[in-house]
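Asks: structure for this input, please:
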Amino acid sequence: MQLTSSWNKYTLSSEKNKLYETVLNSSSDRRRGEKVITRGHYIGEVVDALSGIGEQVNMRTALGLTDLNRYMEDFFKEILNKALCFKLVNLNDDHVNAPGLDLIDTAAGVGFQITSEKTSSKVNQTLERILELDDPPQIVYVLIIGKKQNTYTLNEELCTEANFSEDNIWDITDVAKQLIGLPIVVLQSIYEYVAHELARIRIELEVPDIEGNYPTSISQFVEPVLVPKIGEFQLVKAFLVSREKSEEEHWPQTLYDLKAFVNQLRPLPRITREFYAFLLERRDDDDPDGYGGCTFNYNRLKRICRYTDMHEELELLEDAGLIRFAPAKHENDRFKVLIHGQGESGFTVVNLIEVASQHGISLHKAFTTLDFSLFDPGEHRTYNS
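Replies: Now for the predicted structure:
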């Protein structure tokens, strides 16, 4: 998975382009032959990702959204630790919004403030707070997630006391520059970490619309709950009564069983219902042992269905009481999937199959859309019970 594809809507800054030139012109890399491509790939992908993050933060800042959450702090903590061999910890683990500093490596005497605010007043304010600490780190960096100013007007007294200068103000470009001389193993580790976290970072930095809705919502990844459509299964009733007049007396129970079967399907994922329809449409035998269901040879199933999650679908259907694996009575018996008939009579499913076959009704469509009004020649209505 490449990082650049996730950020192609962002314009790369001129600073990043300058960094590319530095990477490509590095004589030490050119002497490595084939490793140039690999190193360039890792560096380029990470630079693209960091630049995209910077652009997104700049956009938020322009809208007055200057807050950076804890996840962003941890993201850059890991990159700095890998690139600079630090052992930074997040001070907000113990103190929410620790004054002046977000990250610190006590042994190395290094601290970082992670911020989206790039002004001189923000840097001076940070230095004031750091100097109020009982044991401030020897070296302090202000890491601006975005692009820093060209020049700063810093309080000389604060800078002297904190051993601070403009060189200690970093932005995304400065972080990216730290990658150039790193061993390829470290570059790969940073690349893999950024690739893994990038989607989450993008979501964390999204800007809500005027109604408070974010571009990425969990609802985009969750299958909607369908309300089944059902009538009175008149086609099923006509089929049963034409075959046996006494079915008229049993119809209330039969209709109850049909509706109960719909409710049994309702909580299952769409793909599971579709898989169930496939089992019914490609089954082996109907009512082979007089129990009202049908079977599917498991070995044949494995040959004709290469769906990678097939076993998970079978487990879901078994948990729902719709199928079970038939135990082998004899050593030479076929291993089968028994598809339960459902209902008091045990013939609910088989009856649906026969009616669907007679009237050209797609079980696939009925089960995936939960539209069982297809088994009614009259008007459709919604079944909510």
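
Asks: Leu131: how many residues sit nearby?
Replies: Residues near Leu131, counting by other C-beta atoms under 10 Å, number 15. Quick note: C-beta positions are derived from backbone N, CA and C, even for glycine.

Asks: start at 50, not 1
Replies: Happy to do that; since the first residue is 50 now, the last one works out to Leu180.

Asks: list the contacts for it?
Replies: Neighbour list for Leu180: 207, 210-211 [criterion: C-beta atoms under 8 Å, 6 or more residues apart in numbering].

Asks: again, but for Gln237
Replies: Contacts of Gln237 (C-beta under 8 Å, 6+ apart): Tyr91.

Asks: same thing but 10 Å
Replies: 87-88, 90-91, 231 (C-beta atoms under 10 Å, 6 or more residues apart in numbering).

Asks: same check, this time on Ser295
Replies: Leu289.

Asks: likewise for Pro186?
Replies: Here Pro186 is in contact with 149-150, 152-155, 157-161, 179, 211-212 (C-beta under 10 Å, 6+ apart).

Asks: the same query, at a cut-off of 6 Å, please.
Replies: Going by C-beta atoms under 6 Å, 6 or more residues apart in numbering, Pro186 touches 153, 158-160.

Asks: where does the stretch 300-434 of the chain dip in pLDDT?
Replies: Scanning the stretch 300-434 of the chain with the threshold set as pLDDT under 70 gives 334-341, 375-384, 390, 427-434.

Asks: what about the strands in this protein?
Replies: With DSSP state E, the ranges of strands along the chain come out as 138-139, 152-154, 159-164, 188-193, 218-220, 334-335, 343-346, 372-375, 385-388.

Asks: how about these in JSON lines, adding mean neighbour count and distance to Thr357?
Replies: As requested, the strands of the chain are arranged in JSON lines below (neighbours: other C-beta atoms under 10 Å; distance: least, C-beta to C-beta, whole Å):
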{"stretch": "strand 138-139", "mean neighbour count": "17", "distance to Thr357": "39"}
{"stretch": "strand 152-154", "mean neighbour count": "23", "distance to Thr357": "42"}
{"stretch": "strand 159-164", "mean neighbour count": "24", "distance to Thr357": "41"}
{"stretch": "strand 188-193", "mean neighbour count": "22", "distance to Thr357": "43"}
{"stretch": "strand 218-220", "mean neighbour count": "20", "distance to Thr357": "44"}
{"stretch": "strand 334-335", "mean neighbour count": "14", "distance to Thr357": "27"}
{"stretch": "strand 343-346", "mean neighbour count": "20", "distance to Thr357": "18"}
{"stretch": "strand 372-375", "mean neighbour count": "17", "distance to Thr357": "19"}
{"stretch": "strand 385-388", "mean neighbour count": "22", "distance to Thr357": "18"}
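
Asks: to Lys308, which of those lies closest?
Replies: strand 385-388 (19.4 Å; C-beta to C-beta).

Asks: can you tell me which of the contacts of Leu180 are buried?
Replies: 207, 211 (16 or more other C-beta atoms under 10 Å).

Asks: center of this structure, which residue is that?
Replies: Taking C-alpha atoms, centre = their mean, the centroid of the chain lies closest to Phe270, which sits 7.5 Å from it.

Asks: which residues does that residue contact?
Replies: Applying C-beta under 6 Å, 6+ apart, no residues qualify as near Phe270.

Asks: mind checking how far it is from Thr200?
Replies: 45 Å (C-beta to C-beta, to the nearest Å).

Asks: how about Ala244?
Replies: Counting by C-beta to C-beta, the gap from Ala244 to Thr200 is 35 Å.

Asks: most distant residue from the centre of this structure?
Replies: Here the centre of the chain is the reference, and by C-alpha atoms, centre = their mean the most remote residue is Lys294, at 54.9 Å.

Asks: pLDDT value on it, please?
Replies: At Lys294, the model reports a pLDDT of 88.

Asks: for it, phi and psi?
Replies: phi -60, psi -30 (degrees, to the nearest 10).

Asks: just to check, Leu254 is in contact with Asn107?
Replies: No. Using C-beta atoms under 6 Å, Leu254 is not in contact with Asn107, being 10.4 Å away.

Asks: more neighbours, the two?
Replies: Ranked by neighbour count (other C-beta under 10 Å), Leu254 and Asn107 place Leu254 first, with 21 against 18.

Asks: for the more buried one, which non-adjacent residue is spatially closest?
Replies: Once flanking residues are discounted, Leu254 sits nearest to Gln105: 4.6 Å by C-beta to C-beta, 6 or more residues apart in numbering.

Asks: same question, Val386
Replies: Val386's closest residue in space is Phe345 (C-beta to C-beta, 6+ apart), at 4.3 Å.

Asks: isn't the one you found up against Phe374?
Replies: No. In this structure, Phe345 is not within contact of Phe374 by C-beta under 6 Å, at 10.3 Å.
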